[in-house]
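> Pasted the sequence and its predicted model underneath.
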6 protein chains.
Amino acid sequence: MNVLIANPNSTEAITAACAAQARAAASPGTEIVPWTNREGPPAVDSLYSDYMAGRPLAMRLAVLDPRPDAVVLAGFGNYGTGAVKEALDVPVVGLPEAAMAFATPLCHRFAIVTTSPRMIPYTEDVVQAFGFAARCAAVRAIDLPPITAGDPPADEIVASLVAEVRAARASSGVDLVILGGARLAPHAAALRRRTGVPIVEPVACAVAMAEALVRLGLGQSKIGKFAPPPLPLGEYGGIG
Amino acid sequence: MNVLIANPNSTEAITAACAAQARAAASPGTEIVPWTNREGPPAVDSLYSDYMAGRPLAMRLAVLDPRPDAVVLAGFGNYGTGAVKEALDVPVVGLPEAAMAFATPLCHRFAIVTTSPRMIPYTEDVVQAFGFAARCAAVRAIDLPPITAGDPPADEIVASLVAEVRAARASSGVDLVILGGARLAPHAAALRRRTGVPIVEPVACAVAMAEALVRLGLGQSKIGKFAPPPLPLGEYGGIG
Amino acid sequence: MNVLIANPNSTEAITAACAAQARAAASPGTEIVPWTNREGPPAVDSLYSDYMAGRPLAMRLAVLDPRPDAVVLAGFGNYGTGAVKEALDVPVVGLPEAAMAFATPLCHRFAIVTTSPRMIPYTEDVVQAFGFAARCAAVRAIDLPPITAGDPPADEIVASLVAEVRAARASSGVDLVILGGARLAPHAAALRRRTGVPIVEPVACAVAMAEALVRLGLGQSKIGKFAPPPLPLGEYGGIG
Amino acid sequence: MNVLIANPNSTEAITAACAAQARAAASPGTEIVPWTNREGPPAVDSLYSDYMAGRPLAMRLAVLDPRPDAVVLAGFGNYGTGAVKEALDVPVVGLPEAAMAFATPLCHRFAIVTTSPRMIPYTEDVVQAFGFAARCAAVRAIDLPPITAGDPPADEIVASLVAEVRAARASSGVDLVILGGARLAPHAAALRRRTGVPIVEPVACAVAMAEALVRLGLGQSKIGKFAPPPLPLGEYGGIG
Amino acid sequence: MNVLIANPNSTEAITAACAAQARAAASPGTEIVPWTNREGPPAVDSLYSDYMAGRPLAMRLAVLDPRPDAVVLAGFGNYGTGAVKEALDVPVVGLPEAAMAFATPLCHRFAIVTTSPRMIPYTEDVVQAFGFAARCAAVRAIDLPPITAGDPPADEIVASLVAEVRAARASSGVDLVILGGARLAPHAAALRRRTGVPIVEPVACAVAMAEALVRLGLGQSKIGKFAPPPLPLGEYGGIG
Amino acid sequence: MNVLIANPNSTEAITAACAAQARAAASPGTEIVPWTNREGPPAVDSLYSDYMAGRPLAMRLAVLDPRPDAVVLAGFGNYGTGAVKEALDVPVVGLPEAAMAFATPLCHRFAIVTTSPRMIPYTEDVVQAFGFAARCAAVRAIDLPPITAGDPPADEIVASLVAEVRAARASSGVDLVILGGARLAPHAAALRRRTGVPIVEPVACAVAMAEALVRLGLGQSKIGKFAPPPLPLGEYGGIG
């Protein structure tokens, strides 16, 4: 089957990194098709960029030809997840919902560590909007520079992550941590080693969930919230 | 003071109707400035159109010149309310949050009546996202045709609204009803007369809240969720 | 219009201070009418004094002649807010509900800072009873002496407030603070300057909300919780 | 031990009825001491009367001499329950909290049936304020005339109660019902017989809880919410 | 990989049916290993049988040799799911948590239809205990006879299910339904056809989740709630 | 009346200690009948042992002859509390529900201190399952060795408890603490003295509640969640 890995931002390096993780997680027989939201912002680091990303993301994915068997939205946010679910008939899976759906049976309470303090309220809203607040004990953040500035050395990032994981464990009693951002995913293994805490990497979860949905013949319900919009999609605005 | 009434959709007739209501509600000395989201969809009737609306809405409002003293987002939804709050320093008020903020002290529990059954889940999510779920006992809907098809006669709309208000009162014990959609606002007075139930019309509430915020020197907090995005706005995507 | 500023306690100095703040916040054309609950306690600093205040407050306001256009209950508590809403047909606005209604759209999460540690549980109950718990991340307190002992120097109070605001921000991630007590209101501006955190002063919010309700023809719903009591008010107990 | 049965309203017949029920429920060796809130309203049938009751209730109970070993507040409401807990060192038990505390371990979800539709929102607020909302599936009401008009024949009341119990069971799946009002208590046995549903009568629960607290040396915690008010009680207002 | 399908009850026919569904859902290369809890009760139809099932289930699975790669607990309940997660190092997946984890991203709100009215409260508790209450709008039931009495004809069961699905949709606005019991699973396809509502069959979800966890190297966190018990398992009681 | 004190574990010393506390708390005329779950585990210190305890507990109590007038389940956990309530017609009271039912009216928020850090998530689940989460502000733990290793000196235990009580008070503002474990009960008085915080000892509460239920003719509702299981109990599995 083909699973499209749709990066909601326009940064090709992130697309490539997500695709690599997706391939590492995919079952034999799954083809990972990377896709970049070229008209989107370079990063989703704010509510403003969330909406800047969501419009072209939904528009372009709605007219993909050929259709993939499933779509993974490869960012830890919202940026129109529901809009894409409305527009498409194939299963659409967001990173946060896949990660939290897998984490919930695996732990008592989880924490999410995200990429910058300003994304904490954004992420708390995502947790609640996606229906998983009951088991999310904390959202914490390290403090990466803007994506355009490049990432610090890996060991610096890991050290920051270790500190946040330990703080989440000490203050909120969490027994599992979700990495809330594509830029953090490469550090999952090191973080697991350093802390002994189970670390959930969302791209892998989303690919696994997408594969499972396709295999089981499931997808977002089209009789309620995610029903096709009332007008033909083209009437909501042209591309460009 | 100048209060911009920003219609998130591209339908000028809705802009005009909202502006008229806004003017009727405004204090002496408030100038209502109507604004239409020309690059937006004809209506926000789905999650897809929510995101189609939000990007141009946030982009264009961010570069308005001259700046109004406050902005009212004149649709009963989300479509990037938080994105606009990030992008602007002047107070930004959405219809649902203004209506619910005024309704909460006035009643035990309120219901919202919206324009079509498919907007019920959308509206339930808006209620929760904006923090007012504790007092919202029900979201119900009449069933208006798509905005492009025009509205049925007023007495038909009112009859449908009366039925929903009575059903909300009977089944959920609500003692106040919010009209959840700009197309419903003109019928507030008739509905109040017919049912004896207090009806809250959101445009009026939002104008009043905007005026109050300006007068009191308040606005969305810029030190947390609504802080300016990390990059210059232009780097998130060009206009057009 | 006339807006009555009803101080639930018997301390005239508090009435005068609230009236001054109310006048500073009022629109042109609004007349602020101060009123003191002479049979009430010197302060509402406990559940006991809450009920000591509420009975004469509700009784006396119910028979005011002439009726004001709206009533602001100028204390940060309950003391019969619902009783007054039942007894009167004009809009009745409490400080906590007005402050929280304005704060909710302006922030991710707010904190309330009150006047003494023992008022923390009282205030937490008020937050929940008034329906705003979803966005209230913390209630904290400085430690003022009893009202009868007079206030410490302003800079001491401000220093204590600064410490609590910073603690709320650090531990609960709040991006806005409400001053939960009439004695704290004069320090709002200094606190804002010192911390950079938006500070909401409740008297101003309540006056603005009262004015808006009058202008919009809204008031507490009289068909449910706030319907007039079943018996003539005089049958519930005489004055004196 | 002496347990004071404090009727928050001024209607002696209610006091007598509650005292009779209390005596029937009391252990050997417990003396039931009836007490009527003579300065209170004839009934607590509204928020207004709640506050009319609470001030004299708290004031008079605070100076009782000799002190009873425990106080039962014999009405299904609030009327200053917390104020009395602050003012007294002996255990103070309200009917709703005792009934809900006993009901919670006995069922999956309970309903409360109260005496008039207008008391539904009041009672819902009481349920939440006292911390038992998790298990309360419904508050319903029959429609008794005002207390001053006297009660309809017992079989009419029972028939109405039977209808509400059945409706609560059918629509909310409750497996236990609490009678929410002193006027309903005499009909508990008939209602149980007619419906087969366990009926909890609050006066009996409150007496049992009061006895247990005295025997176990427990009482409301005096180090937090129910600590004595900061000023001597007399400074909050004279009696009369 | 080997996935053990552990039927918590002792009825081999249920084991066989679950194994068949599991095989239909499994990926190529997954071997489904059926297992029956021979010392368990014939059905888990009550809290009593839940505990009758859980002890031998946990004891026997703890000493399985050879260990499977993952365990699916093939009943729609609790019966010691957490105990098995403690006792084993391989991933353990319960039907309700897998079904709800998959359903949550696919819909606005789901309903669960279970096998008998008395299992409604049991199932409501399972939903809350497993952390998915935010999206579960209703638990409803058809009324199957005890498992020992055999099942009615398929079309009768389907007709009952259709009625409950429609009722859930009409009264609670759900857009997806989970079948809450192994006896209902064979009717998923017919129910989907008849109602047009997406039907989630839990065995398939649990197999898919188990496969995904094994492939991703995830399992229940062993550093908190599901850490191995403090004593060697044998000290908690012998087998038999 | 006879009240059975059923120790869910097999450690006779705990049975004896609980029985002693029960006798100290019982009313004159109540006979405390100690009972040990001989086929149970030596302690309930995990989810695994919870289920190891629950099966023989429910089976043996179901066939007790003669029946006691009420049963107290003397451990701070679940271990089939609902199963026993189903199996028996006499009132069944668990320690946590009795302690929380008594604590709720006595305080603003309570904390529970349990015997080991790994029991914190277990206890948090118990609090939620039994319906008392609204008032439980924290679950904390000291760190006792396994029951088979014996207890440290009393003053060490008390010192640890004092530290946790103070921490709960400082960080969560609790004004009452429940001792969450039979091994902690003997230290209640010392802890109260040392901290000044009201300490609720669950055995005493459960005995008092059991006595009250018997006297009032109340017991768990047998028409819903706790109805007798559908099959004769013997069909769910033999004893042994």
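Now that the structure is in, tell me what you want to look at.
> Correct me if wrong: residue A:61 contacts residue A:71.
Yes: with contact defined as Cβ atoms under 8 Å, residue A:61 reaches residue A:71; the gap is 6.3 Å. (C-beta placed from N, C-alpha, C; glycine too.)
> So what's the residue count around the closest residue to chain F within chain A?
Minimum separation of chain A from chain F (Cβ to the nearest Cβ) falls at residue A:108, amounting to 4.0 Å. Residue A:108 has 23 neighbours, counted by other Cβ atoms under 10 Å in any protein chain shown.
> try residue A:199
23.
> Now it, what are its backbone angles?
Residue A:199 adopts backbone torsions of phi -120, psi 130, taken as degrees, to the nearest 10.
> pLDDT at it, what is it?
On the pLDDT scale, residue A:199 is placed at 98.
> Distance of it relative to residue A:184?
Going from residue A:199 to residue A:184 by Cβ to Cβ, to the nearest Å gives 9 Å.
> Check residue A:222 too.
33 Å.
> quick one: which of these two has more around it?
residue A:184 (25 against 17).
> The nearest residue to the more buried one once chain neighbours are set aside: how many residues sit nearby?
Nearest non-adjacent residue to residue A:184, counting by Cβ to Cβ, 6 or more residues apart in numbering or on different chains: residue A:115, 6.4 Å away. Other residues within reach of residue A:115, judged by other Cβ under 10 Å, total 25.
> what residues are up against residue A:115?
A:45, A:141-142, A:144, A:180-181, A:183-184 (Cβ atoms under 8 Å, 6 or more residues apart in numbering or on different chains).
> Check residue A:25 too.
Residue A:25 touches A:203-204, A:207-208, E:215-216, counting by Cβ under 8 Å, 6+ apart.
> Give the rounded mean pLDDT of the helix or strand residue A:126 falls within.
Here residue A:126 sits within helix A:119-129, counting by DSSP states H and E. Across helix A:119-129, the average pLDDT comes to 98.
> wait, does that helix contact chain C?
Yes: residues of helix A:119-129 contacting chain C under Cβ under 8 Å from any Cβ of the partner chain: A:120-121, A:124.
> Surely residue A:223 is in a helix?
No: read with DSSP: H, G, I helix; E, B strand; the rest coil, residue A:223 is coil and lies in no helix.
> That one reaches residue E:199, doesn't it?
No: the pair residue A:223 / residue E:199 is not scored as a contact, 11.7 Å apart, by Cβ under 8 Å.
> Which ones among the residues of helix A:119-129 next to chain C also lie next to chain B?
Among those, the residues lying close to chain B (Cβ under 8 Å from any Cβ) are residue A:121.
> Would you mind putting the residues of helix A:119-129 next to chain C into TSV with distance to residue F:131 and neighbour count alongside?
Shown next, in TSV, are the residues of helix A:119-129 next to chain C (distance: Cβ to Cβ, whole Å; neighbours: other Cβ atoms under 10 Å in any protein chain shown):
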residue	distance to residue F:131	neighbour count
A:120	31	21
A:121	31	21
A:124	26	20
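> need the residues of helix A:119-129 next to chain C in TSV with distance to residue F:6, can you?
Putting the residues of helix A:119-129 next to chain C into TSV (distance: Cβ to Cβ, whole Å) gives the following:
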residue	distance to residue F:6
A:120	47
A:121	49
A:124	44
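> Quickly name whichever of the residues of helix A:119-129 next to chain C is closest to residue A:93.
Among those, residue A:124 lies closest to residue A:93 (Cβ to Cβ), at 21.0 Å.
> Enumerate every residue touching the residue of chain A closest to chain F.
A:135, A:173-175, E:221, E:224-226, F:121, F:124.
> with the residues you listed in mind, which one is nearest to chain D?
Of all these, residue F:124 has the smallest distance to chain D: 14.2 Å, by Cβ to the nearest Cβ.
> Let me see the contact set for that closest one.
Going by Cβ under 8 Å, 6+ apart, residue F:124 touches A:108, F:139.
> SS state for the nearest residue to residue A:147 once chain neighbours are set aside?
The shortest distance from residue A:147 to any non-neighbouring residue, by Cβ to Cβ, 6+ apart, is to residue A:43 (3.9 Å). Counting by three-state DSSP, the backbone at residue A:43 sits in coil.
> ranges for the helices of chain A?
Using DSSP state H, the helices found in chain A span residues A:12-25, A:47-62, A:81-87, A:95-103, A:119-129, A:154-172, A:188-195, A:202-216.
> List just the nearest of the contacts of residue A:115 to chain D.
Proximity to chain D was ranked across these by Cβ to the nearest Cβ; first place goes to residue A:180, at 30.2 Å.
> from memory the closest one sits against residue A:113, does it?
Yes: applying Cβ under 8 Å, one finds residue A:180 in contact with residue A:113, separated by 6.0 Å.
> Report the set of residues contacting both of those two.
Common neighbours of residue A:180 and residue A:113, counting by Cβ under 8 Å, 6+ apart, are residue A:139.
> which residue is nearest the middle of chain A?
residue A:95 (2.6 Å; Cα atoms, centre = their mean).
> okay, the nearest residue to that one once chain neighbours are set aside: pLDDT?
In space, and not counting its chain neighbours, residue A:95 is closest to residue A:202: 3.8 Å by Cβ to Cβ, 6+ apart. If you check residue A:202, the pLDDT there is 97.
> again, but for residue A:240
46.
> go on, residue A:218?
Taking residue A:218 on its own, its pLDDT is 97.
> what does the one 4 residues further on give?
On the pLDDT scale, residue A:222 is placed at 98.
> how close does it sit to residue A:86?
Separation of residue A:222 from residue A:86 (Cβ to Cβ): 9 Å.
> Was I right to think residue A:89 contacts residue A:219?
Yes: the pair residue A:89 / residue A:219 is scored as a contact, 6.9 Å apart, by Cβ under 8 Å.
> Comparing the two, which residue is more hemmed in?
Legend: neighbour count by other Cβ under 10 Å for residue A:89 and residue A:219, higher for residue A:219 (20 against 12).
> Could you find the closest non-adjacent residue to that one?
Distance criterion Cβ to Cβ, 6+ apart; nearest residue to residue A:219, sequence neighbours excluded, is residue A:91 at 4.1 Å.
> Give me the neighbour count for that neighbour.
For residue A:91, the count of nearby residues is 25 (other Cβ under 10 Å).
> dump the residue contacts of it.
A:69-71, A:210, A:213-214, A:218-220, E:106.
> And those, which is closest to chain B?
residue A:220 (11.0 Å).
> any idea how far the closest one lies from residue F:41?
For residue A:220 relative to residue F:41 (Cβ to Cβ), the value is 45 Å.
> OK, contacts around residue A:55?
Contact partners of residue A:55, counting by Cβ under 8 Å, 6+ apart, are A:80, A:237, B:51-52, B:54-56.
> now these in CSV, with pLDDT and distance to residue E:35?
What follows is the contacts of residue A:55, written out as CSV (pLDDT from 0 to 100; distance: Cβ to Cβ, whole Å):
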residue, pLDDT, distance to residue E:35
A:80, 97, 44
A:237, 87, 55
B:51, 98, 48
B:52, 97, 52
B:54, 97, 52
B:55, 97, 53
B:56, 97, 58
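> In these, which residue is surrounded by the most others?
Counting neighbours by other Cβ under 10 Å, the top entry in those is residue B:51, with 35 neighbours.
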